[in-house]
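1. Sharing a sequence plus its predicted fold:
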Amino acid sequence: MSLFVYTILYTCVRLTFASITIRDPGDYVNLANDAMDNAIKADYNVQPIMYLKSSLKATRLFTGNDSFLSISYETISATANDTSAIVVGNGAQLNMSFVNIYKEGYYSDLLQASFFGVNAAINVQNGSRSYFDHLNITTHNGAANIYSYGNGSHAHIENSVLYSSGPAAHGLYAGGYGTIVGNNIAHYSGGNRCSAFSGDSPAGYIIISNSISRTSGIGSAIFYALGTITATNVIGHAERAPALFSDGPQISTFKNCDLTAGLLGGTVMFSSMIRQSGAMLNIIDSKLTTLDSTMPALWFGNLIATVYLYNTVIKTMSGILVTANYSQVTQEFNYYAGYSDNSNLLPAIVTVTVVECNLNGSLIAYNGSSISWILTQYSNWSGNAYSGYGQSFVSVSLDSTSTWTLTGNTALQNISSTNWNLTNINSNGYNITYDSNSTANSWLNGSIMSLIGGGKLMPFSDLQQPQKQQDSSTASSCVVFSKNSLLLSFLIGILTTLKTCVCA
C-alpha cells in the first residue's frame with residue numbers, strides 16, 4: 001500500500017509550503033477491474049435535445065415537500081441505467097454525513113447526462129440546497145459523482161472521497177447555472193473525458209479548495225470551465241489531459257495550486273463554436289507543469305482571452321510558454337483540430353500580463369494569431385518569440401523593473417519599454433526585429449538600436465537593407481509608452497496592494 005504525498009513549493013518572491021496527503025486509489029479500489037470500463041469511449045454523436053426528456057429516477061428522491069432532511073451512517077446505491085442514487089429537487093434541503101454512495105449503470109444519452117445530471121450518483125436540482133460531509137462516492141459505467149443543476153441549486157461537500165470509472169464520469173459537476181462548493185476533496189477518475197471539477201452548458205459554478213485530484217483518461221482535465229472555476233490550494237495531476245479546458249468566455253482563477261498536465265497543454269482555452277471574447281485565466285501564487293516535449297504551458301485557439309500570472313512558476317519540457325493558433329480541440333480531446341477538421345475558425349488573440357514571475361520559454365503564434373506579452377513588477381523572462389506558421393503577431397512590453405533575456409532571434413510586431421535605451425533586455429547575441437510601420441513603434445522612428453549582449457533591435461526591412469543606427473539621445477526624444485500600458489501598470493499596482501495572499 002502506498003501514499004501519494006504532494007508538496008507545493010513556490011520560489012518566486014515569497015516561499016509558501018503546503019502538503020496534502022491522499023491515499024492511492026489502489027489502496028481501496030481494484031483499478032485493474034475497471035480497465036474495461038475505462039476503455040469505453042464517450043458517445044457524443046447523439047441528437048441534441050435541450051430539455052429533460054423524462055423525469056429523473058432515483059433510489060431515494062427528495063422533493064420540496066421533504067425539506068430539511070438529514071441522513072447519516074447509511075449506504076445508498078443504484079444499479080439501473082439512467083438512475084441516480086439520490087435526487088434532491090424542487091427546493092428541498094438535504095444534509096448527509098458519513099454516507100457511502102455506490103452507483104452502477106450507464107447513461108443512455110450523453111447530453112442528458114451532461115446538461116441535466118441524468119445518471120449522476122447524486123443530483124441536486126431546481127433551487128435545492130444540500131450539505132454533504134464525509135461521503136464516499138464510488139461510481140462506474142460513466143456516472144458522475146455529484147451534479148448540481150439550475151438557478152439557486154447549491155451543493156456543498158467536504159471531507160469526502162470521489163472515485164469514478166467509465167466515460168464522462170466527472171467528479172463535481174454543475175450545469176444550468178448550478179453551483180458546487182467543495183473542500184478537502186480527494187478525487188480520482190480513470191475514464192476518458194472525466195474532468196474532476198467541471199461546469200457545463202450554459203454555465204456551472206465550481207468553487208474548490210484544499211483538495212487533490214488525479215485523472216488518467218484522455219481528455220480528463222482537472223478543471224473544465226463552462227461558467228466559472230475558483231480553486232484555492234488544489235493539487236491536480238491529469239495524466240493524459242490539460243490541467244484546464246476552458247470553452248468560450250469563461251473565467252478561471254487558481255490560487256496556491258500545483259497543477260500538472262500530460263497531454264495537449266498545461267491549460268487549453270478555446271471556443272468550440274464561433275470565436276468569442278471575454279475568456280479570463282488568473283494564476284496566482286501557483287505552479288503549472290507540463291510533461292510532454294511538445295506541450296506549451298498555455299494554449300489558445302479560436303478565442304480572445306486575457307491571462308494574469310502572479311508569482312507563479314511554470315515548468316515545461318517543451319520550452320514553450322504560450323501558443324496561439326487558428327485551431328481548437330477535437331470532441332475526443334485527444335489532439336488539436338486544424339483547418340481540415342473545422343474551417344469555420346478564427347485566429348486566437350491573447351494578452352498575458354506577468355507580475356513578479358521568473359519565466360522561461362518561447363511565445364509562438366500561428367496562422368494570424370497574436371500574443372501580447374506584458375512584463376511588470378520585477379518579472380524576468382528568458383525566451384524568444386516568433387511566428388510558427390503564416391503571418392502572426394507577437395508584442396512585448398516591459399516596465400522598468402522587469403527584464404528579458406533572449407534565447408533566440410525574435411520577430412515582434414510591437415515592442416515597448418519604460419527603459420528608453422532597452423537596458424533591461426539582454427540579447428545574448430540575438431536580434432529583435434519589429435514592424436516600423438506600426439504606430440506603437442513610432443518611438444523608435446525606424447531606428448536600429450544596439451542591445452546589451454551584442455544583438456540589435458531593427459526593423460524587419462533591415463534584415464535585407466542596413467540603416468543608419470539611431471543614437472541614444474534621438475531614441476530618448478522619441479520614447480512613447482502607451483497610455484494603456486501605463487493605466488494597466490497602475491491598476492495592477494492597486495490590485496497587488498489590495499490582494500491578500502492565502503498561504504497554507
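-> Perfect, thanks for sending it. The structure displayed is predicted, hence computed values, not measured ones.

2. Which secondary structure state does residue 461 sit in?
-> Per DSSP: H, G, I helix; E, B strand; the rest coil, the local secondary structure of residue 461 is helix.

3. Any idea how many residues pack against it?
-> 14 (other Cβ atoms under 10 Å). The C-beta positions use only the backbone N, C-alpha and C, and glycine is treated the same way.

4. ok, now how distant is it from residue 435?
-> 10 Å (Cβ to Cβ, to the nearest Å).

5. ok, now residue 213?
-> Residue 213 is 44 Å from residue 435, by Cβ to Cβ.

6. The two - which one has more neighbours?
-> residue 213 (28 against 18).

7. what about the helix or strand that one falls within, average pLDDT?
-> Per DSSP states H and E, residue 213 falls inside strand 204-215. Mean pLDDT, computed over strand 204-215, is 97.

8. Quick check: next helix or strand after that strand?
-> Taking DSSP H and E, what comes next after strand 204-215 is strand 223-225.

9. Return the distance of that following strand from the chain's centre.
-> 7 Å (Cα atoms, centre = their mean, to the nearest Å).

10. Please list the outside residues in contact with that strand.
-> Under the contact criterion Cβ atoms under 8 Å, 6 or more residues apart in numbering, strand 223-225 has outside partners 170, 195-200, 206, 229, 231, 236, 243-247, 250-252.

11. For it, which strands pair with it and how are they oriented?
-> The sheet places strand 223-225 alongside strand 197-199 (parallel), strand 244-247 (parallel), with pairing taken from DSSP bridges.

12. from those, which stretch is densest packed?
-> The highest average neighbour count among the strands paired with strand 223-225, using mean count of other Cβ atoms under 10 Å, belongs to strand 197-199 at a mean of 31.

13. how far is it from where the chain is centred?
-> For strand 197-199, the distance to the chain centre is 11 Å (Cα atoms, centre = their mean).

14. Low-confidence ranges, the chain, go.
-> Under the criterion pLDDT under 70, the flagged ranges of the chain are 1-28, 66-67, 462-504.

15. Give me the residue at the spatial middle of it.
-> Among the residues of the chain, residue 244 comes closest to the average C-alpha position under Cα atoms, centre = their mean, at 3.1 Å.

16. Now for the nearest residue to that residue once chain neighbours are set aside: which residues touch it?
-> Excluding its sequence neighbours, the residue lying closest to residue 244 (Cβ to Cβ, 6 or more residues apart in numbering) is residue 267, at 4.1 Å. Residue 267 sits next to 242-244, 246, 252, 261, 281, 288, 297-299 when contact means Cβ under 8 Å, 6+ apart.

17. What of residue 331?
-> residue 44.

18. Give me the secondary structure label for it.
-> coil.

19. number of nearby residues for residue 42?
-> 23.

20. Let me fix that, I meant to ask about residue 165.
-> Counted by other Cβ under 10 Å, the residues lying close to residue 165 total 28.

21. From residue 65, how far off is the residue lying closest to it once chain neighbours are set aside?
-> Take residue 165 and drop its neighbours on the chain: the residue closest to it by Cβ to Cβ, 6+ apart is residue 34, 3.8 Å away. As judged by Cβ to Cβ, residue 34 and residue 65 stand 38 Å apart.

22. Who has more neighbours out of those two?
-> Taking other Cβ under 10 Å, residue 34 and residue 65 do not tie; residue 34 has more neighbours (19 against 8).

23. Ramachandran coordinates for that one?
-> Per-residue torsions, residue 34: phi -100, psi 10 (degrees, to the nearest 10).

24. Is it correct that it is in contact with residue 139?
-> No: contact status for residue 34 versus residue 139: not in contact, 10.6 Å apart, counting by Cβ atoms under 8 Å.

25. so what sits against both of these two?
-> Residues within reach of residue 34 and of residue 139 at once, by Cβ under 8 Å, 6+ apart, are 165-166.

26. ok, now which ones touch the residue nearest to the centre of the chain?
-> Residue 244 makes contact with 221-225, 229, 252, 259, 266-269, 281, according to Cβ under 8 Å, 6+ apart.

27. For the residues you listed, pick the one with the most neighbours.
-> residue 222 (34 neighbours).

28. just to revisit the earlier point, closest one of the contacts of residue 244 to residue 370?
-> Within these, proximity to residue 370 (Cβ to Cβ) peaks at residue 269, which comes in at 14.6 Å.

29. send the alpha carbons of the strand holding residue 213 over as PDB?
-> Output in PDB follows, covering the C-alpha atoms of strand 204-215 (Å, rounded to 0.1, in the frame of the first residue of the first chain):
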ATOM      1  CA  GLY A 204     -21.900  25.900 -14.000                       C
ATOM      2  CA  TYR A 205     -20.100  27.400 -11.000                       C
ATOM      3  CA  ILE A 206     -17.300  25.500  -9.200                       C
ATOM      4  CA  ILE A 207     -15.600  26.600  -6.000                       C
ATOM      5  CA  ILE A 208     -13.000  24.100  -4.800                       C
ATOM      6  CA  SER A 209     -10.400  24.300  -2.000                       C
ATOM      7  CA  ASN A 210      -7.900  22.200  -0.100                       C
ATOM      8  CA  SER A 211      -8.300  19.300  -2.400                       C
ATOM      9  CA  ILE A 212      -6.400  16.900  -4.600                       C
ATOM     10  CA  SER A 213      -7.300  15.100  -7.900                       C
ATOM     11  CA  ARG A 214      -5.700  12.600 -10.200                       C
ATOM     12  CA  THR A 215      -7.100  11.600 -13.600                       C
END
